[in-house]
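Coordinates for the following, if possible.
(3 chains)
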Amino acid sequence: MGQKNRIHLVTGGARSGKSVLAEKLVARLGGPAIYIATAEPFDEEMTQRIGLHRDRRGAGWTTIEEPRDLAGALVRSDGQGVRLVDCLTLWLANLEGRADVAALCHVLAAQASPVVLVTNELGLGIVPDNKLARRFRDEHGWMNQAVAEIADEVWMAVSGLPLRLKPQEHDFGRI
Amino acid sequence: MGQKNRIHLVTGGARSGKSVLAEKLVARLGGPAIYIATAEPFDEEMTQRIGLHRDRRGAGWTTIEEPRDLAGALVRSDGQGVRLVDCLTLWLANLEGRADVAALCHVLAAQASPVVLVTNELGLGIVPDNKLARRFRDEHGWMNQAVAEIADEVWMAVSGLPLRLKPQEHDFGRI
Amino acid sequence: MGQKNRIHLVTGGARSGKSVLAEKLVARLGGPAIYIATAEPFDEEMTQRIGLHRDRRGAGWTTIEEPRDLAGALVRSDGQGVRLVDCLTLWLANLEGRADVAALCHVLAAQASPVVLVTNELGLGIVPDNKLARRFRDEHGWMNQAVAEIADEVWMAVSGLPLRLKPQEHDFGRI
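Predicted coordinates:
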């Protein structure tokens, strides 16, 4: 804890076990746990998903709902515990693909308490027909790259299993 | 063989070399090989794919066609050889996303002979517009997580190459 | 350089940092750098993407535009430097899914100077509704498998991070 492995990113596909892995990372870090939810319960499907996640986490978590001002939520909660941001994809979608990722990275790099962030991999299917979907996919990919670059640890969940992307043993891990 | 590495899961994208990798795992395990096909040849495209796979496997395989009662097929074939289940995705689709995954895992955990199962990763593209596709993707992801959890070995095929997801060296591999 | 690690393949999703990783591999190999562009600037969106990539590479690169005769471009440029082919997906699309992949692999295997090739992973999303998209996904996956098989090094970019697929430590890496 402290200076070591402060920023943790968990990426992966839909229903790949990202949130459970992120919760395990928070538990491993220890101390008070703060959940920063970026989801907006705008329809029944989303309300159900949010409820499922909340039930699984159980008691012992403080929840902050912040669909847009994620940097502000991080600044305000720093020093109060380990923050789990779930997730960057919804945050970017809430801001219609125009989030200030550089400002977020700046705030992340300055945090005193650890942060675990959840995101998605969206770019591994057939190219979407829809131009807006392609643009979102681009912005999302660039966001993931920027956050992964400043993260101390990056994991990818696949079928519920954690694959470590950073740090790695090979020489490109040090570039 | 025997108690060690009894349940093997091979996941990956479409045309990523999953079936070939699964066949290599079966060959490595040795002994009689039993192919449990969950595909239903309901159209010409699917009939062609089934034919391609069968031609590649060649002689020396017993084939069981079982699109729905996978647990039953495993129970009935136990003790007769190494089973290759190809694949879980079609099994789940044949059951319209409502397969009894817990019952399957229960049966898998009780098998005396090894089983190699093939599945797909479906959740790494843009969120589908279609609500049914989203629901199938959810059910499918949960199925993959459940089977990966009880599996002794999990591999992901990428461009024909095997990436080992379980067991792993890092500490989360032991959680 | 020379005989060691002559053919390098970089795969990954859209906006996963494939091209940057490929450029780092070229820099690591050293010597004159030749960019073989398969993109055709047929619309504004593609023209923008091509411009972004060119600006990032900067001076010191020779560019060859060759949307279809990739094997010919490799033969003609052999001995003149390290070639970066960006990318196989567009090459296959320009040839409407009917590229002569075996001929390409034959030419690759005979190159004296190193080649770094960029491709995409397309098969990890929900099955496309569109039959043509499914067929392209199939042809593309087979192409990736064929090139990965003859490659000396294969990397997958995820959120900008390099994951090594070949060579690997585990025993299937030697099959």
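
hey, let's count contacts and neighbours off CA atoms from now on
Noted.

could you pull out the strands for chain A?
Under the criterion DSSP state E, chain A contains strands at A:7-12, A:33-37, A:61-65, A:82-86, A:115-118, A:153-158, A:161-166.

For the third one, buried residues please.
With burial defined by 16 or more other C-alpha atoms under 10 Å in any protein chain shown, the residues of strand A:61-65 counted as buried are residue A:64.

quick check, the lowest-mean-pLDDT helix or strand in chain A touching chain B?
Every helix and strand of chain A was ranked by mean pLDDT, DSSP states H and E. The lowest is helix A:44-57, at a mean of 82. No - Helix A:44-57 lies apart from chain B when judged by C-alpha under 8 Å from any C-alpha of the partner chain; the minimum separation is 9.5 Å.

Only C-alpha atoms, please: export whichever helix in chain A runs longest in PDB.
Ranked by number of residues, the top helix in chain A under DSSP state H is helix A:131-150. This file holds the C-alpha atoms of helix A:131-150, laid out as PDB (Å, rounded to 0.1, in the frame of the first residue of the first chain):
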ATOM      1  CA  LYS A 131     -20.300   5.600 -37.100                       C
ATOM      2  CA  LEU A 132     -21.100   6.800 -33.600                       C
ATOM      3  CA  ALA A 133     -20.300   3.400 -32.200                       C
ATOM      4  CA  ARG A 134     -17.000   3.500 -34.100                       C
ATOM      5  CA  ARG A 135     -16.200   6.900 -32.600                       C
ATOM      6  CA  PHE A 136     -17.100   5.800 -29.100                       C
ATOM      7  CA  ARG A 137     -14.900   2.700 -29.600                       C
ATOM      8  CA  ASP A 138     -12.000   5.000 -30.600                       C
ATOM      9  CA  GLU A 139     -12.400   7.400 -27.700                       C
ATOM     10  CA  HIS A 140     -12.800   4.400 -25.300                       C
ATOM     11  CA  GLY A 141      -9.700   2.700 -26.600                       C
ATOM     12  CA  TRP A 142      -7.600   5.900 -26.200                       C
ATOM     13  CA  MET A 143      -9.000   6.300 -22.600                       C
ATOM     14  CA  ASN A 144      -8.000   2.700 -21.700                       C
ATOM     15  CA  GLN A 145      -4.500   3.300 -23.100                       C
ATOM     16  CA  ALA A 146      -4.000   6.500 -21.200                       C
ATOM     17  CA  VAL A 147      -5.200   5.000 -17.900                       C
ATOM     18  CA  ALA A 148      -3.200   1.800 -18.400                       C
ATOM     19  CA  GLU A 149      -0.100   3.900 -19.000                       C
ATOM     20  CA  ILE A 150      -0.200   5.600 -15.600                       C
END
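
quick check, that helix touching chain C?
Yes - against chain C, helix A:131-150 shows contacts by C-alpha under 8 Å from any C-alpha at A:137, A:138, A:141, A:142, A:144, A:145, A:148, A:149.

Which pLDDT does the model give the residue of chain A most remote from its centre?
Relative to the centre of chain A, and counting by C-alpha atoms, centre = their mean, the farthest-placed residue is residue A:129 at 26.8 Å. Predicted confidence (pLDDT) for residue A:129: 90.

mind listing what it touches?
By C-alpha atoms under 8 Å, 6 or more residues apart in numbering or on different chains, the contact list for residue A:129 is empty.

so how far is residue A:64 from residue A:72?
As judged by C-alpha to C-alpha, to the nearest Å, residue A:72 and residue A:64 stand 11 Å apart.

Quick check, residue A:32 in contact with residue A:78.
No - counting by C-alpha atoms under 8 Å, residue A:78 is not a contact partner of residue A:32; they are 11.5 Å apart.

Residue A:121 touches residue A:15, doesn't it?
No - contact criterion C-alpha under 8 Å: residue A:121 and residue A:15 do not qualify, at 11.4 Å.

So for those two, which sits in the more crowded spot?
More crowded of residue A:121 and residue A:15, by other C-alpha atoms under 10 Å in any protein chain shown: residue A:121, with 27 against 24.

show me the contacts for the more buried one.
Residue A:121 neighbours (C-alpha under 8 Å, 6+ apart): A:11, A:12, A:13, A:141, B:124, B:125, C:159.

Closest one of these to residue C:96?
In terms of C-alpha to C-alpha, no member of those lies closer to residue C:96 than residue B:125, at 22.2 Å.

For that closest one, give me the pLDDT.
Per-residue confidence at residue B:125 stands at 95 (pLDDT).

How about residue A:25?
Per the predicted model, pLDDT is 96 at residue A:25.

what does residue A:157 give?
So, for residue A:157, pLDDT stands at 98.
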